[in-house]
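Peer 1: Okay, predicted coordinates and the sequence, questions at the end:
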Amino acid sequence: MSDEQGECDICQKPASQKCGACHNVFYCCKEHQKSGWKKHKKVCRPFKCNMLKLKAEVHNDDNLGRHLRATKDIKPGEVVLQESPLIWGPAQVTVPVCLGCGNAVTEKNSRPCNKCGWPVCSETCEKAPGHIPECRYTVLRGDRVSLKNFGVIHPLYQCITVLRCLYQKQFLPEVWKKLDVLQSHCEERKNTHKYEQDRVTIAQFILKFFKLNNVFTEEEILRVSGIVMINSHEVPLTEPPHVAIYESTSMFEHDCSANCTKSFTNKGGLVIAAGKHIRKGDHLSICYTDPLWGTPNRRHHLYQSKFFWCSCKRCLDTTEFGTLFSALKCQSSPCNGYLLPNTFIENNNNEKGCDWACTKCPNIFSAYAVQDLVERIGKDLADMPKGVSKDCKQFMKENEQFLHPNHFYLTDVKFALSQLIGQEKPGGLPGVSDEDLELKARLCQGLVNLFRILIPGESRVRGLLLFELHASMAEIGRRRDDPAELHTLLLESKSILQEAVDLLKHEPDSLPEGKIYKQAVVNLKELEFVLRTVHKTIGDSPM
Ligand SMILES: C[S@@+](CC[C@H](N)C(=O)[O-])C[C@H]1O[C@@H](n2cnc3c(N)ncnc32)[C@H](O)[C@@H]1O
């Protein structure tokens, strides 16, 4: 069904008129639209947002539901949207956190809120607007909260974010109107284990603990917990990260090779910028899962957490745009081909999938053999001590014989190694051997090239790699005796650093990426100064 054609909601005949408010249902004529309104108004949830109007508009189709399409060309790095959260709260599974600022609390660094007893870390946090809902409901309940166990996952917190949404429903209809229109996948969630778990740990708990039986129903609470599950974003600004729901961002569709990137502001706002050139009419997407996982893992995660089987271009293409990010090496000697399945998406519920065939010889590797091998290597990776370059090198040596050089497990380890070289010992890059320095530069460059194709929207990870690459290039230059060679390498380092600055410019300085951005800006000025000096030494050269 195209955007413009559908089935009449009343008589199922072909129809082209849509409900003018939500654009969700079709009618063949005005009469059917009128007679259908009584039923439809109960589910009509129009999405209106002024913020998006300049660069994108909301469309709707059977597969994606509401989604965004660009209303004009958008350049890489250009901000598409910036917004504050509608609601924020602790993650469902969390250690005790301050309900004013979201950071973990201990018995020593917190005190009970004077009104309700929930632990907070300061007077400012006690008075924070975000804390009002649970504070008010606890006071109305007539009994303070008294927390004894800190530093371990605490069940009391499971309900807080949902409770904060319900508070909007009861007291702040303007905010509730915006939350109410968001996708909850209520029907699909029914009969799942998670739904039954939420019924007990969130819905029944809220009704009993806060004595809200006369205010909300179990169904209502479960719908809100669906809205939180489908639309919340993990915000890494606190330790542990909290979750937040954003109004317009909730309309972005998912793509495993998204064209937009998301960054947070220091105050918990969200900035969505184009990660690549976007043309008028293109769908705008962000990635809901970890884009550096293998395809079956990404797809299962999306199904479990967001209730759809992804069939984006990357999931449909087993070569993942020719990167062979999931490919295994063919073990038939002397073949140097790679093994891939026909498809990753036909067997959504069949864990093993289909057999894998070699790209060069007739060799076939059974789905079971693939799974055993991939599981074995995955387990080795999980068991590998983190943060030690020696172990990364050993893992690469042992597994390069089985995996394509771009394989997601090798990519994971290469990324870790590229960051570790120069950071393990106090001397920094000047203390690193020539061999390791060259290796770091090679790894960073290889990963940048791979990510440019595979995940163009992930500006942050490319920015970090380019920052490390510029430092390696400059250090390689410093070790050369020839001023002309030094000059060439410094020029290259400067252009790499400029790209890193552009990619990291939306990162907040409270996060490591933002700190690297600040350092990159300083380094850029220093590099320009050094280049001027070298330039004078060797005579006329471009800068
Ligand atoms: C955050 S909401 C996005 C807005 C949603 N389409 C709506 O109408 O409210 C996430 C939901 O959108 C749908 N969705 C997003 N990306 C999708 C994709 N690539 N394929 C299929 N469904 C998608 C899924 O139903 C998912 O649970």
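Peer 2: Done, it's in.
Peer 1: burial count for the residue in the stretch 51-200 of the chain that the ligand sits nearest to?
Peer 2: At 2.9 Å from the ligand, residue 65 is the closest residue in the stretch 51-200 of the chain, using Cβ to the nearest ligand atom. From N, CA and C alone the C-beta is placed, and that goes for glycine too. Residues within reach of residue 65, counting by other Cβ atoms under 10 Å, total 14.
Peer 1: surely it meets residue 183?
Peer 2: Yes: counting by Cβ atoms under 8 Å, residue 65 does reach residue 183; the two are 6.3 Å apart.
Peer 1: For the residue of the stretch 51-200 of the chain closest to the ligand, give me its contacts.
Peer 2: residue 183 (Cβ atoms under 8 Å, 6 or more residues apart in numbering).
Peer 1: which residues pair with it across the strands?
Peer 2: Here residue 65 sits in beta bridges with residue 61, going by DSSP bridges.
Peer 1: ok, now how distant is it from residue 306?
Peer 2: Remark: distance between residue 65 and residue 306 (Cβ to Cβ, to the nearest Å) = 11 Å.
Peer 1: tell me, what's touching residue 65 and residue 183 both at once?
Peer 2: With Cβ under 8 Å, 6+ apart as the test, residue 65 and residue 183 reach no residue in common.
Peer 1: Which secondary structure element is home to the residue of the stretch 401-543 of the chain found nearest the ligand?
Peer 2: Of all residues in the stretch 401-543 of the chain, residue 457 sits closest to the ligand, at 13.5 Å by Cβ to the nearest ligand atom. Using DSSP states H and E, residue 457 sits within no helix or strand.
Peer 1: burial measure for it, as a count.
Peer 2: For residue 457, using other Cβ under 10 Å, the count is 27.
Peer 1: Quick check: closest non-adjacent residue to it.
Peer 2: residue 275 (3.2 Å; Cβ to Cβ, 6 or more residues apart in numbering).
Peer 1: can I see the domain layout of the protein?
Peer 2: Using automatic domain parsing, the domain parsing of the chain gives 6-69, 87-245, 388-538.
Peer 1: so how far is the first residue of the last one from its last?
Peer 2: Read it as domain 388-538. In domain 388-538, first residue to last residue: 41 Å (Cα to Cα, to the nearest Å).
Peer 1: One more: the second one?
Peer 2: As for domain 87-245, its first-to-last residue distance stands at 6 Å under the measure Cα to Cα.
Peer 1: Surely residue 417 is in contact with residue 393?
Peer 2: Yes: the pair formed by residue 417 and residue 393 meets the contact definition of Cβ under 8 Å, at 6.9 Å.
Peer 1: between those two, who's got more neighbours?
Peer 2: With neighbours defined as other Cβ under 10 Å, residue 417 and residue 393 compare such that residue 417 has more, 21 against 15.
Peer 1: Excluding chain neighbours, give the residue nearest to that one in space.
Peer 2: Using Cβ to Cβ, 6+ apart, the closest residue to residue 417 is residue 392 (4.0 Å).
Peer 1: In CSV, please show the C-alpha coordinates belonging to the helix or strand containing residue 395.
Peer 2: According to DSSP H and E, residue 395 maps onto helix 389-399. What follows is helix 389-399 as a C-alpha-only set of coordinates in CSV (Å, rounded to 0.1, in the frame of the first residue of the first chain):
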residue,chain,number,x,y,z
SER,A,389,46.5,-4.7,24.0
LYS,A,390,48.5,-8.0,24.3
ASP,A,391,45.2,-9.9,24.6
CYS,A,392,43.6,-8.0,21.6
LYS,A,393,46.6,-8.9,19.4
GLN,A,394,46.4,-12.6,20.5
PHE,A,395,42.7,-12.7,19.8
MET,A,396,43.3,-11.3,16.3
LYS,A,397,46.1,-13.7,15.6
GLU,A,398,44.0,-16.7,16.7
ASN,A,399,40.8,-15.7,14.8
